[in-house]
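>>> Predicted model and sequence below, questions to follow.
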There are 2 protein chains.
Amino acid sequence: MALHIALDAMGGDRGPDELVSGAIQAVCASDIEITLLGDEGLLLNALKGRKYDSSRIHIVHTSQVIEMDESPFDAIRKKKDSSIMRAFALHKEGKVDAVVSAGNSGATMAAAIKFLGRLDSISRPGIAGIFPTLKGPVLMMDVGANVDCRPLHLYQFGVMAAAFSQVLFGHERPRIGLLSIGEEGGKGNVLVKKTHELFQQSNTLNYIGNVEGRDTFQGDVDVIVCDGFVGNVCLKLSEGLAEAVLGMLGEEISKTIKAKLGYLLAKDAFRSFKKRVDYAEYGGAPLLGLNGNGIICHGRSNPTAIKNAIRVAAEMARNKVNDQILQLLAVEGETQGVPPVTGASS
Amino acid sequence: MALHIALDAMGGDRGPDELVSGAIQAVCASDIEITLLGDEGLLLNALKGRKYDSSRIHIVHTSQVIEMDESPFDAIRKKKDSSIMRAFALHKEGKVDAVVSAGNSGATMAAAIKFLGRLDSISRPGIAGIFPTLKGPVLMMDVGANVDCRPLHLYQFGVMAAAFSQVLFGHERPRIGLLSIGEEGGKGNVLVKKTHELFQQSNTLNYIGNVEGRDTFQGDVDVIVCDGFVGNVCLKLSEGLAEAVLGMLGEEISKTIKAKLGYLLAKDAFRSFKKRVDYAEYGGAPLLGLNGNGIICHGRSNPTAIKNAIRVAAEMARNKVNDQILQLLAVEGETQGVPPVTGASS
């Protein structure tokens, strides 16, 4: 059966036109059905004159918009008729299989928890960032939902991201690393040291121990576990550094005609490189640990990113990532000497 | 009067020859005097046949070496005759003005605290990383000495790095940012929120509020404050990402003859770029908060990095960075509504 995705068509920095373009691209590239949530007038306008299968794009009018810098908890309390809130309400009612939003990520997570609830025995749902590496994508979890964490939360981030990695990237036994400041298990802050002990008790997870910041982009680990403060800093630092590196390189190249000519000859290589590291390839960061499926996209997402996020959201639903998370947790619970898998209150 | 620097000539991954080369370069480029600490036979061998003013390079023989992966506290307890320990002992005796080491950074910090002690009213000495940006260097403190911190520690990191920035980089009122995951003061983990309150009480510091990971390389902030866990992750992530970016770009360029030719034409631009982002330009990371001066260099430091670290160490001593730290703390203490500047026990 074709999957049905809800797209918050008001979120993000670029406005509904770009989001709607992404939705059209997704519909044209697959049999996915999409419901756009947002101002009906704006959305009809964005769809006008475009070629697509109109039986597979629907509009649900919403009267409110949660701004990017709004307090998430105020926003979800006051703006019941916002595109984000209504999208998750549709998901809860079973009318869509997943939600994609490029809007306020705190509000998206808060709305997701409010409507969908946490997956059984998961203490803290989180956001898994997908980073390009020399050898393929690596998941980092959490990248911003939980800034103050306990060891159990980090352990569960590892289990959830491993399940996603199995189902979406086909890694049978994803290598899980704990982000720290030294490779030896004794190194790190108090949180990391205690989390290391929890992972070591597992007989089923493929836990490879501590990894360092420099390992992130080598591709020798599939899942990197950290708290949401550290993960968010890493995510934004990486974006900033990649931009700065290309900016500085561009400045140097523009200084001489010879270098400019060289750049023109090597332009395709630069283009392939940019494509390879483009955040747009996966479109966004999956929300894990919910009774449902969601993807948070970058505020600056272009139509390609939105199209890919819709595809990944559909894959999450089709391949039942949540069933895989529950199964991994159950296997962990059955094996000897395993950390507590329940602990919603801790 | 010419300054005298002690160089741990056994530390680092590259062996004494490279370190000694750096020392020779430093002596040739300035009037600095250097004492090399390490195995006399190895050091004499490294100096043999080289041209330099032999009245300004001395050797102190030491019989032990602290390995890169050794536990810092075991090492400084057991290896009293190691090059690192003896270097700081010389500094304590007033025979040198600063210490430079590319060895085990934990042991270097521990030896520094043991021999030099903490600067008056500083709770936790730390390591200030120097990052290249689009507009000049930025200091990040702490990048690894203190993994579990309190707000007062972070506040003092800001004061210390600001003093260094004033004295070494000539910034009259360095812009101090607090590394967080959102620009609004209310965003961050518990530690960051409480530290923000401390900085806000200051009437004298040029505190610009929260900064995000992506701001690190923009050059719009002079000092970035964070705990040593987050800072160390940032440092290593940046190294790893810069390497990965250049590696992936190189792979793409090598795919076609046209791109390779283009690269050859643009090679000088790549070289200038690499020089611009080269960690070797500042040589290493200053240790701040001690009764003395120290620089920790990267284990992979080349002779240029060592030469520059020796230069920066001499500048720290010549320009009395520590007096500036004490003065900033005193001014902070005199102004109204200022956070406690003493708190060695907290």
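That came in fine, so what should we check first?
>>> Every contact and neighbour count from this point should use C-alpha atoms.
Noted.
>>> continuing past the worst-scoring helix or strand of chain A on mean pLDDT, what's the next helix or strand?
The helix or strand of chain A with the poorest confidence is helix A:267-276; it has a mean of 80 (mean pLDDT, DSSP states H and E). Counting by DSSP states H and E, the next helix or strand C-terminal to helix A:267-276 is strand A:284-288.
>>> neighbouring contacts of the helix or strand following that following strand?
Scanning forward in sequence from strand A:284-288 by DSSP H and E, the next helix or strand is strand A:294-297. For strand A:294-297, the surrounding residues in contact (C-alpha atoms under 8 Å, 6 or more residues apart in numbering or on different chains) are A:98-103, A:105, A:108, A:112, A:283-288, A:305-306, A:309, A:313.
>>> Tell me which strands strand A:294-297 pairs with, and in which orientation.
Note on strand A:294-297: by DSSP bridges, its sheet partners are strand A:98-101 (parallel), strand A:284-288 (antiparallel).
>>> Columns mean neighbour count on top of those, output as TSV?
Below are the strands paired with strand A:294-297 laid out as TSV (neighbours: other C-alpha atoms under 10 Å in any protein chain shown):
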stretch	mean neighbour count
strand A:98-101	30
strand A:284-288	27
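>>> and those strands as a markdown table, adding mean pLDDT?
Conversion of the strands paired with strand A:294-297 to a markdown table gives the following (pLDDT from 0 to 100):
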| stretch | mean pLDDT |
| --- | --- |
| strand A:98-101 | 98 |
| strand A:284-288 | 96 |
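>>> Turn the ones you listed into JSON lines, including distance to residue B:200.
Below are the strands paired with strand A:294-297 laid out as JSON lines (distance: least, C-alpha to C-alpha, whole Å):
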{"stretch": "strand A:98-101", "distance to residue B:200": "35"}
{"stretch": "strand A:284-288", "distance to residue B:200": "34"}
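>>> Out of those, which is closest to residue A:60?
strand A:98-101 (13.6 Å; C-alpha to C-alpha).
>>> Can you name the next helix or strand after that closest one?
Per DSSP H and E, the first helix or strand lying C-terminal to strand A:98-101 is helix A:105-116.
>>> Check what contacts that next one and list those residues.
Contacts of helix A:105-116 (C-alpha under 8 Å, 6+ apart): A:66, A:68, A:71-73, A:75-76, A:84-85, A:88-89, A:91-92, A:101, A:145, A:287, A:290-292, A:294, A:296.
>>> Enumerate every residue touching the residue nearest to the spatial centre of chain A.
Nearest to the mean C-alpha position of chain A, counting by C-alpha atoms, centre = their mean, stands residue A:285 at 0.8 Å. Contact analysis of residue A:285 by C-alpha under 8 Å, 6+ apart lists A:127-130, A:295-297.
>>> Next, format the residues you listed as TSV and append neighbour count.
Listed next are these as TSV, based on neighbours: other C-alpha under 10 Å:
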residue	neighbour count
A:127	29
A:128	31
A:129	27
A:130	22
A:295	29
A:296	26
A:297	28
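>>> Nearest to residue A:319, out of those residues: which one, please.
For these, the nearest to residue A:319 is residue A:295 (15.0 Å; C-alpha to C-alpha).
>>> partners of that closest one in the sheet?
residue A:100, residue A:286.
>>> Give me the local confidence score for it.
pLDDT, residue A:295: 97.
>>> roughly how far apart are it and chain B?
Per C-alpha to the nearest C-alpha, to the nearest Å, residue A:295 is found 19 Å from chain B.
>>> got it, and residue A:76?
For residue A:76, the distance to chain B equals 18 Å [C-alpha to the nearest C-alpha].
>>> go on, residue A:70?
Applying C-alpha to the nearest C-alpha, the value for residue A:70 to chain B is 11 Å.
>>> Identify the residues contacting that residue.
So residue A:70 contacts residue A:104 (C-alpha under 8 Å, 6+ apart).
>>> try the one 10 residues further on
Listed by C-alpha under 8 Å, 6+ apart, the contact partners of residue A:80 are A:64, A:86.
>>> quick one: the strands in the stretch 51-200 of chain A?
With DSSP state E, counting those that start in this stretch as the definition, the stretch 51-200 of chain A shows strands at residue ranges A:57-61, A:98-101, A:126-131, A:138-141, A:175-179.
>>> helices and strands around the longest one, which ones?
Using 3 or more C-alpha pairs under 8 Å, 6 or more residues apart in numbering or on different chains; DSSP states H and E as the contact test, the elements touching strand A:126-131 are strand A:138-141, strand A:284-288.
>>> which one of those strands lies closest to residue A:55?
From these, taking C-alpha to C-alpha, the stretch that ends up closest is strand A:284-288, at 26.1 Å.
>>> Give me the distance between that closest one and the centre of its chain.
Strand A:284-288 sits 3 Å away from the centroid of its parent chain (C-alpha atoms, centre = their mean, to the nearest Å).
>>> what do you get for stretch A:167-185?
Going by C-alpha atoms, centre = their mean, where stretch A:167-185 is centred and where its chain is centred differ by 17 Å.
>>> Distance-wise, check residue A:319 relative to chain B.
Remark: distance between residue A:319 and chain B (C-alpha to the nearest C-alpha) = 31 Å.
>>> Can you get me a residue count around the nearest residue to residue A:11 once chain neighbours are set aside?
In this structure, residue A:11 finds its nearest non-sequential neighbour in residue A:103, 3.6 Å apart by C-alpha to C-alpha, 6 or more residues apart in numbering or on different chains. By the criterion of other C-alpha atoms under 10 Å in any protein chain shown, residue A:103 has 26 neighbours.
>>> Residue A:103 is in contact with residue A:299, isn't it?
Yes. Between residue A:103 and residue A:299 there is a contact at 6.1 Å, judged by C-alpha atoms under 8 Å.
>>> Overlap of the contact sets of the two?
Looking at what touches both residue A:103 and residue A:299 (by C-alpha under 8 Å, 6+ apart), the common residues are A:11-13.
>>> pLDDT score for residue A:336?
pLDDT, residue A:336: 43.
>>> low pLDDT regions in chain A?
Counting by pLDDT under 70, chain A contains low-confidence ranges at A:278-280, A:335-346.
>>> all helices of it, in order?
For chain A, helices defined by DSSP state H occupy the ranges A:16-29, A:40-47, A:72-78, A:83-92, A:105-116, A:151-169, A:190-201, A:228-253, A:257-265, A:267-276, A:303-318, A:321-334.
>>> Stretch A:267-279 near chain B anywhere?
Yes. Applying C-alpha under 8 Å from any C-alpha of the partner chain, one finds stretch A:267-279 touching chain B at A:267-270, A:272-273.
>>> For that stretch, list the C-alpha coordinates in CSV.
Extracted C-alpha coordinates of stretch A:267-279, given in CSV (Å, rounded to 0.1, in the frame of the first residue of the first chain):
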residue,chain,number,x,y,z
LYS,A,267,34.7,22.4,-11.1
ASP,A,268,33.0,19.1,-11.7
ALA,A,269,35.1,17.6,-8.9
PHE,A,270,34.0,20.4,-6.5
ARG,A,271,30.4,19.8,-7.6
SER,A,272,30.6,16.0,-6.9
PHE,A,273,32.3,16.8,-3.6
LYS,A,274,29.5,19.2,-2.6
LYS,A,275,26.9,16.6,-3.5
ARG,A,276,28.7,14.0,-1.5
VAL,A,277,28.6,16.1,1.7
ASP,A,278,25.3,17.7,1.0
TYR,A,279,22.9,17.5,4.0
